[in-house]
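In: The following comprises the amino acid sequence and a computationally predicted model.
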Amino acid sequence: MKLFEIIPNELFSILASPNRGLYADALDVLYEAYQENLKIPEDTLYSMLRSKLEQQLADATFEEEDIDEDELRDISGRARFLIRKLHSKGWFEKERGEDFEEYITVPGYSSRLLELFHQLRDDSPIRGYSHVFGTYSALKVADEGSSVYDKMAAIYSAYENTQALIKLLQMVYHNVKHFFQIQIKLQEVNAVLASHFDDFGQKVVEAYIRPLKIKDSVPKYRVPIQTILTNWMEDDTMLLALSNAALQDRRGTTLEQCRTDLLQKIFWVKDRYDSIEHDYLDEIDRQVRRYTRATTQKLENLTNRDYNVRGNLNYLLRALGQNHRASELVDQIQPVFQLYEQSFLSEKSLWHRKRPGKRTKAAPVLIEETEMDAAAAAQAMELLRTEYSRSAIAAYVEEWLGDDGICYSKDMRLTDDKAYIMSMLAVLTGSDPSAAYRIHELAGTFTENGYTIPQLQIMRKEGKK
């Protein structure tokens, strides 16, 4: 569906007019009326516009606006004009109630935009939501309870919370980049300090990064979240019950579709928690360190620019960059300093991507299919049936378990390729309900003799010895 099939064509035209500041304030008053009243009488909005925007209405000129002379005469008429203008552009609709009074209704697209505009204007302190702890809490409570519906709902809640966490991390990353650009334009020490400690420190570090490190920590809750999801996924009886609960909740049209959807969401959440530290948190930390280092260097430069060569050079280069008529002087300095235009420096600033040449169509290459060697295929099948059969794998695992019935990665004795292959095959066959053992994946990895495998716990099932 196209955007302007949902919203009116001229919805945003008021924000491009000379009086856009007044219209933006009027939209915020409309949002306040929408928040405070279930039913919004037109007279209520009129009174709020008059009381809250009296000075703005008095100062507005309304040039090139379709305002009547009667409306332009006083504050009351100008407030009525605002209501007429917002209504004509589609920000709200009118209906007559049973008491014959005019009431205002706010469409869905308008309420979402009003909420967004209000959040952008709001300077009050904000905090990141506890997406990681919320995921862990929902899964833990559901796991300790007996309700299958709660477990099914917890999986979908974990999926939605993880999506929200990814969006939050993306926003934090781009906010750090945004403050890089702000810092480039600042040339006063006090302005740089205020931007770093007041804006960046409060709106980014205290609001999002610090909670992610201390309160809503991914490393703290990652393993418990993955363990609960893995236990549910490996229990076929539980998975069937979860699928039935999802079908009853109309999460899918068939039982198999619900089962597939649940497994996809479980795998997605587990995979995101495996990669979130490397792909998001570590990258955000690198950008924060770069920003902090750049801010420190800029403060030092601005503080000492009148006393050292580096400061004088910075002053000279900045003056040349702001003076568009200094081309002749730049041409004279160019061979000495090798000047390049640069918005900001990063680890990739001096690297240019090699542009590939134009591709030409070449003659097709014929691929000859060779017949499979029947003897080699038979030998491979015989090897799989004997040395790496299910019985051989089970015997290997029983040797690891011993009399204790439990072992870990360190007990597998990875001395050669066969032991390494057996460890992988044991993990693959461990999810089979007929297997005599159960495998739990722990945090971290184990390395022995150059072979690396995940930290595993293998337990013999009761009555399977």
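Out: Perfect, I can see it now. Numbering: from 1, shown residues only.

In: So in this protein, which strand runs the longest?
Out: Secondary structure of the chain per DSSP state E: the longest strand is strand 437-448.

In: what helices or strands is that strand leaning on?
Out: helix 218-234, helix 417-430, strand 451-460 (3 or more C-beta pairs under 8 Å, 6 or more residues apart in numbering; DSSP states H and E). C-betas here are computed from N, CA, C, even on glycine.

In: of those, which approaches Glu42 most closely?
Out: helix 218-234 (49.9 Å; C-beta to C-beta).

In: what pLDDT, on average, does that closest one get?
Out: Mean per-residue pLDDT for helix 218-234: 87.

In: now the strands for this protein?
Out: 40-41, 93-96, 102-105, 406-408, 437-448, 451-460.

In: so can I have CSV of those strands showing mean pLDDT and mean neighbour count?
Out: Output for the strands of the chain, formatted as CSV (pLDDT from 0 to 100; neighbours: other C-beta atoms under 10 Å):
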stretch, mean pLDDT, mean neighbour count
strand 40-41, 85, 18
strand 93-96, 84, 10
strand 102-105, 85, 17
strand 406-408, 87, 15
strand 437-448, 84, 15
strand 451-460, 85, 16
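
In: which stretch among those strands comes nearest Ala138?
Out: When the strands of the chain are compared for distance to Ala138 using C-beta to C-beta, the nearest one is strand 437-448, at 20.9 Å.

In: Please save the CA atoms from that closest one in PDB.
Out: Only the C-alpha atoms of strand 437-448 are listed here, as PDB (Å, rounded to 0.1, in the frame of the first residue of the first chain):
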ATOM      1  CA  TYR A 437      21.600 -39.100  26.100                       C
ATOM      2  CA  ARG A 438      20.800 -35.400  26.200                       C
ATOM      3  CA  ILE A 439      23.200 -32.600  25.300                       C
ATOM      4  CA  HIS A 440      23.100 -29.100  26.700                       C
ATOM      5  CA  GLU A 441      25.200 -26.300  25.200                       C
ATOM      6  CA  LEU A 442      27.000 -24.100  27.700                       C
ATOM      7  CA  ALA A 443      28.700 -20.800  27.300                       C
ATOM      8  CA  GLY A 444      32.100 -20.600  25.600                       C
ATOM      9  CA  THR A 445      34.300 -23.000  23.700                       C
ATOM     10  CA  PHE A 446      36.800 -25.800  24.500                       C
ATOM     11  CA  THR A 447      40.100 -26.300  22.600                       C
ATOM     12  CA  GLU A 448      42.300 -29.400  22.800                       C
END
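
In: Parallel or antiparallel, list what pairs with that strand.
Out: Looking at strand 437-448 with DSSP bridges, its partner strands are strand 451-460 (antiparallel).

In: what angle do the partner strand and helix 417-430 make?
Out: When axes from the mean of the first three to the mean of the last three C-alpha atoms, to 10 degrees is applied, the directions of strand 451-460 and helix 417-430 differ by 50 degrees.

In: Give me the contacts around strand 451-460.
Out: The set of residues external to strand 451-460 that reach it, using C-beta atoms under 8 Å, 6 or more residues apart in numbering, is 397, 400-401, 405-409, 412, 414, 419-420, 423-424, 426-427, 430, 436-446.

In: quick one: that strand to chain centroid distance?
Out: Offset of strand 451-460 from its chain centre (C-alpha atoms, centre = their mean, to the nearest Å): 32 Å.

In: got it, and stretch 47-60?
Out: Its chain's C-alpha centre and that of stretch 47-60 lie 40 Å apart, by C-alpha atoms, centre = their mean.

In: Could you pull out the buried residues of that stretch?
Out: Residues of stretch 47-60 classed as buried under the neighbour-count rule (16 or more other C-beta atoms under 10 Å) are Met48, Leu49, Arg50, Leu53, Gln56, Leu57, Ala60.

In: and the residues you listed as CSV, adding pLDDT and distance to Ser389?
Out: Listed next are the buried residues of stretch 47-60 as CSV, based on pLDDT from 0 to 100; distance: C-beta to C-beta, whole Å:
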residue, pLDDT, distance to Ser389
Met48, 88, 79
Leu49, 86, 81
Arg50, 86, 86
Leu53, 86, 82
Gln56, 85, 83
Leu57, 84, 86
Ala60, 81, 85
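
In: What distance do you get for Val172 to Phe197?
Out: Going from Val172 to Phe197 by C-beta to C-beta, to the nearest Å gives 18 Å.

In: who's more crowded, those two?
Out: Val172 (22 against 12; other C-beta atoms under 10 Å).

In: So in terms of bridging, what pairs with the closest residue to Trp400 other than its chain neighbours?
Out: Closest residue to Trp400 apart from its sequence neighbours, by C-beta to C-beta, 6 or more residues apart in numbering: Cys407 at 4.5 Å. For Cys407, the beta-bridge partners are Ile458 (DSSP bridges).

In: Which of the strands of the chain sits closest to Leu247?
Out: Nearest of the strands of the chain to Leu247, taken as C-beta to C-beta: strand 437-448 at 27.2 Å.

In: Could you chop this protein up by domain?
Out: Domain assignment of the chain by automatic domain parsing yields the ranges 3-121, 131-304, 375-460.

In: For those, please prepare a markdown table with the additional fields distance to Val365.
Out: Listed next are these as a markdown table, based on distance: least, C-beta to C-beta, whole Å:
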| stretch | distance to Val365 |
| --- | --- |
| domain 3-121 | 46 |
| domain 131-304 | 37 |
| domain 375-460 | 26 |
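
In: Nothing else from me, thank you.
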